[in-house]
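Asks: can't give you the sequence, but here's the structure:
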């Protein structure tokens, strides 16, 4: 069983870049929405601690402790309501994907460089 002193995502395999390459941007967002729908509390429309705990086995996370699950929620909870909206979930998934973040940063840098060249 994972302990709260370990990184709960230490065995996380970053499949998002592969999915993005195969599905394209719209397809990837669709799959992230499907993932959100697997974990969402149907009555509240957000991912709560309870819904994450109840459905974590669907993602192979059944061995995570309650503290690990709370840390995951806290990591993505930008508005501080203790739950993840669909947008917060998608942003968290991108943040957990170092390869996608690196690719996004490269595209951003190239756009800035081009803008500077065009501006002068």
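Replies: Nice, I can see it. Here the structure is a predicted model, which is why all the values come from computation and not from measurement.
Asks: do you know how far residue 49 is from residue 69?
Replies: 6 Å (CB to CB, to the nearest Å). (C-beta placed from N, C-alpha, C; glycine too.)
Asks: low-confidence regions, the protein specifically.
Replies: Within the chain, the ranges that satisfy pLDDT under 70 run 1-28, 96-111, 119-120.
Asks: for it, just list every one of the helices.
Replies: Here the chain has its helices, by DSSP state H, at 16-39, 49-55, 66-76, 86-95, 98-119.
Asks: for the third one, buried residues please.
Replies: Along helix 66-76, the positions that meet the burial threshold by neighbour count (16 or more other CB atoms under 10 Å) are 68-70, 72-73, 76.
Asks: quick one: those residues as JSON lines, columns for distance to residue 118 too.
Replies: Listed next are those as JSON lines, based on distance: CB to CB, whole Å:
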{"residue": "68", "distance to residue 118": "47"}
{"residue": "69", "distance to residue 118": "47"}
{"residue": "70", "distance to residue 118": "47"}
{"residue": "72", "distance to residue 118": "42"}
{"residue": "73", "distance to residue 118": "43"}
{"residue": "76", "distance to residue 118": "36"}
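Asks: which of the residues you listed lies closest to residue 34?
Replies: residue 76 (17.2 Å; CB to CB).
Asks: correct me if wrong: that closest one contacts residue 89.
Replies: Yes. Residue 76 lies in contact with residue 89 (CB atoms under 8 Å); the separation is 6.4 Å.
Asks: please enumerate the shared neighbours of the two.
Replies: Residues touching both residue 76 and residue 89 (CB atoms under 8 Å, 6 or more residues apart in numbering): none.
Asks: list just the nearest of the buried residues of helix 66-76 to residue 54.
Replies: Of all the buried residues of helix 66-76, residue 54 sits closest to residue 69, with 10.4 Å by CB to CB.
Asks: can you pull the contacts of the closest one?
Replies: Per CB under 8 Å, 6+ apart, neighbours of residue 69: 8, 49, 52-53, 56, 61.
Asks: mind checking how far residue 87 is from residue 42?
Replies: Taken as CB to CB, the span from residue 87 to residue 42 is 18 Å.
Asks: who has more neighbours out of these two?
Replies: residue 87 (12 against 7; other CB atoms under 10 Å).
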